[in-house]
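J.: 3D, please:
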Amino acid sequence: MTKTPDWDALPNATPVPLRQLLHRCLERDPRRRLQAVGDARVEIEDLLSRGSNGVALEAVTGMARAGPRSRARDRLAWFVAALATLSVGAVVAAWTVWGRRPATPGKVAFDLVTEISSAPNQLTVSPDGTRLTAVITTPGGISLWLRRLDDTAGQALVTTTGGTYYAFWSADSRSLGFFANGKLNKIDVSGGPSEALCDAPLGRGGTWNRDGVILFAASAKGPLFRISAAGGTPLQVTELDAARGERAHLEPTFLPDGRHFIFLVQSNTSEHGILYLGSLDSKERKPLVASDGMGLFAAPDRMLFFRDATLMAQRFDTRRLELQGAPFAIAENIAVNPATGLAGVATSDDGVLAYRPGDTTDRILRWVDRTGRTLGDFGTVDYRSNVAVAPRTDRVVETHLVGGTADLWIADSQRESSSRFTFDSALNDNAVWSPDSEQIVFSSTRDGGVRNLYRKNVSGAEPEEQLLKTDRAKIPTDWSRDGEYLLYTEGPGPWQVWALPLRGARTPIPYLQTTLDVSGARFSPDRRWVAYTANETSIGTEPFRVYVSPFPRGGGKWQVSAPGGPACHPRWRDDGREIFYTNGTSIWAVDVTTTTSGAFTAGIPHKLFDAPVLYAGSAVNAGYDVTPDGQRFVIIAQKTNLTSRNRPIRVILNWQSALEK
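T.: Numbers count the residues shown, from 1 in each chain. Okay, the predicted model is just below:
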């Protein structure tokens, strides 16, 4: 039913010519209605041309003769320009807003179901609120999944076997930026190939303003950079504050002016991250609020941030660039990666909020046999990304992440206890056991923000020892059974394998130095072979597969995992006759034969049991391990079968309407 315009809502001083013109624009009878907005322009220009004596002009503008004629003409010109941008139908809508404020649309919520997500904490919503992206696992690799909110199905916009992550929209909603294959890339959502803009070895978030400037984190450690969306040379924008122990500036988000931005700062001296306000025009910055995750801006005036896994909102004055009032909770149990600050939340400029709920229950450690049958659960901490079984006991060392820090914990399934092993306010993770189960080597960012190697006795009787310090990140992966060597990867760009002698001068020895991205290297029990994960050709162009090469010379390689599919995190049985690996959804085994003359043969891989291995998509962190005899496996599991990786995406339209009541 068509509503009659409320003419009485017009100001009393509204000039008659304007009233007449608006009546003609909104006339119900189409025969009498002004047919085109261009006709309105002609009539107003005619009034302007007759306004040289001031009479007609003042009648149209309603201004007193005392006002400067130039101001009157400016006001009329503004009215002409504004009217010229409207269709006749739009004039009706504009008139309704002017004369009577419409009721605020109510909040509407619904769920979107995707395929299994490889990164549940990665969502985006286009600024115009029409489309959503997520990162999912597909048969071809990791895909950037795109779906219109008014459609019933989505599509894989980009698929790469090396990962497609940290997507972000252009301000006009026509393009997406994302990180893949060690590059910052962009793609037009209407179709066509993606384009690499610059190197970004481990991109950790980006944002794209209306001027075509992209602000991004090129690595998990370091400052923010800017680059034109057309390409060029990246320029550094922020600087790490060494005095505060800052190690990373991550997850930038432009504010509406396109010049200021918020970003997450992580440091070695604080358990939580801090959201800062920065500017493209100045090196100055100021802290806004502590947050365990990325910050977002929701138009017109809300800042969103995180306390643990709870999404918080607080009013933000875009003129003064400061927070006001008290924060309040919007949604709980959000999928947040505390190591990077990335969260499964996205907003649009027109009131769309989307988020993926986190895990419904705590993660646990679970013992299973070779068929996948549960033997027992233990451990109660919230977040694990890597587990390692002690060679001679049932103890398991795992990583517990809180905020921007990580520590190692040792869980004992026999005693049903768990105890903290490291106590430094940095990232302490990626632990490997000594052959006698008395020592642990791990990586830590405690000295300068770069992952260096440390060794510590399990008993805690002696202080920690720094094994190796260089200017590149190092991840320990295995300790040889004879205690002579430690394998570790060094990177990024690409990750390479080194061997560190643990006796004598401890000078690192290069082992696998190729154009491949190599990780997860593990010694065979006799130390004559190394199993590892690598791409077949170059970084990101093929799925990760498991290979074996001889040690120490590293010449030649044999593929162990099944052809065609992804595979990672190899493990040897203690007799050297079987290798295990995961493809992210199940555990596989391969019979192998080696000889002292250097011959190696691998049998046909066969699946042992289904097990969604959390974090198996990471070439560094493994969500499972196996006892030396190959009979029992420890996996990261859920108390329920529902995890954030297969939970639907909750979409809320007009989510702020309830806040205004």
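J.: contacts and neighbour counts: CA atoms only from here.
T.: OK.
J.: what's the pLDDT at residue 75?
T.: Looking at residue 75, its pLDDT reads 42.
J.: Let the chain start at 762 from now.
T.: Understood, numbering begins at 762; the last thing we discussed is residue 836.
J.: so how far is residue 1340 from residue 1354?
T.: Distance from residue 1354 to residue 1340, counting by Cα to Cα, to the nearest Å: 10 Å.
J.: more crowded one of those two?
T.: Neighbour totals were compared for residue 1354 and residue 1340, and residue 1340 leads with 24 against 12 (other Cα atoms under 10 Å).
J.: Which strand residues bridge residue 1067?
T.: residue 1072 (DSSP bridges).
J.: Please state the offset of stretch 939-958 from the chain centre?
T.: In terms of Cα atoms, centre = their mean, to the nearest Å, the centre of stretch 939-958 is found 16 Å from the chain centre.
J.: for stretch 1003-1019, same thing?
T.: The answer for stretch 1003-1019 is 15 Å, by Cα atoms, centre = their mean.
J.: Pull out the buried positions in it.
T.: 1006-1017, 1019 (16 or more other Cα atoms under 10 Å).
J.: Can you lay out the residues you listed as JSON lines showing secondary structure, pLDDT and distance to residue 1054?
T.: As requested, the buried residues of stretch 1003-1019 are exported to JSON lines (DSSP: H, G, I helix; E, B strand; the rest coil; pLDDT from 0 to 100; distance: Cα to Cα, whole Å):
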{"residue": "1006", "secondary structure": "coil", "pLDDT": "79", "distance to residue 1054": "18"}
{"residue": "1007", "secondary structure": "strand", "pLDDT": "85", "distance to residue 1054": "16"}
{"residue": "1008", "secondary structure": "strand", "pLDDT": "81", "distance to residue 1054": "15"}
{"residue": "1009", "secondary structure": "strand", "pLDDT": "87", "distance to residue 1054": "13"}
{"residue": "1010", "secondary structure": "strand", "pLDDT": "94", "distance to residue 1054": "12"}
{"residue": "1011", "secondary structure": "strand", "pLDDT": "92", "distance to residue 1054": "10"}
{"residue": "1012", "secondary structure": "strand", "pLDDT": "93", "distance to residue 1054": "9"}
{"residue": "1013", "secondary structure": "strand", "pLDDT": "96", "distance to residue 1054": "11"}
{"residue": "1014", "secondary structure": "strand", "pLDDT": "96", "distance to residue 1054": "13"}
{"residue": "1015", "secondary structure": "strand", "pLDDT": "97", "distance to residue 1054": "16"}
{"residue": "1016", "secondary structure": "coil", "pLDDT": "96", "distance to residue 1054": "17"}
{"residue": "1017", "secondary structure": "coil", "pLDDT": "94", "distance to residue 1054": "21"}
{"residue": "1019", "secondary structure": "coil", "pLDDT": "95", "distance to residue 1054": "22"}
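J.: farthest-separated two in those?
T.: 1006 and 1017 (30.3 Å; Cα to Cα).
J.: for residue 1243, what are its contacts?
T.: Contacts for residue 1243 (Cα atoms under 8 Å, 6 or more residues apart in numbering) come out as residue 1196.
J.: Now do it against residue 1072, distance only.
T.: Counting by Cα to Cα, the gap from residue 1243 to residue 1072 is 50 Å.
J.: repeat for residue 1393
T.: On the measure of Cα to Cα, residue 1393 and residue 1072 end up 39 Å apart.
J.: These two: which is more packed in?
T.: Using other Cα under 10 Å, the more surrounded residue of residue 1393 and residue 1072 is residue 1072, with 24 against 19.
J.: Mind splitting this structure into its structural domains?
T.: Split into domains by automatic domain parsing, the chain comes to 768-860, 869-1120+1407-1421, 1124-1399.
J.: Which of these has the lowest mean pLDDT?
T.: For the domains of the chain, where the average pLDDT is lowest is domain 768-860, sitting at a mean of 50.
J.: Toward the C-terminus, what is the element adjacent to the strand or helix carrying residue 1027?
T.: Element membership for residue 1027 (DSSP states H and E) is strand 1021-1028. Remark: after strand 1021-1028, the chain's next helix or strand is strand 1034-1040, criterion DSSP H and E.
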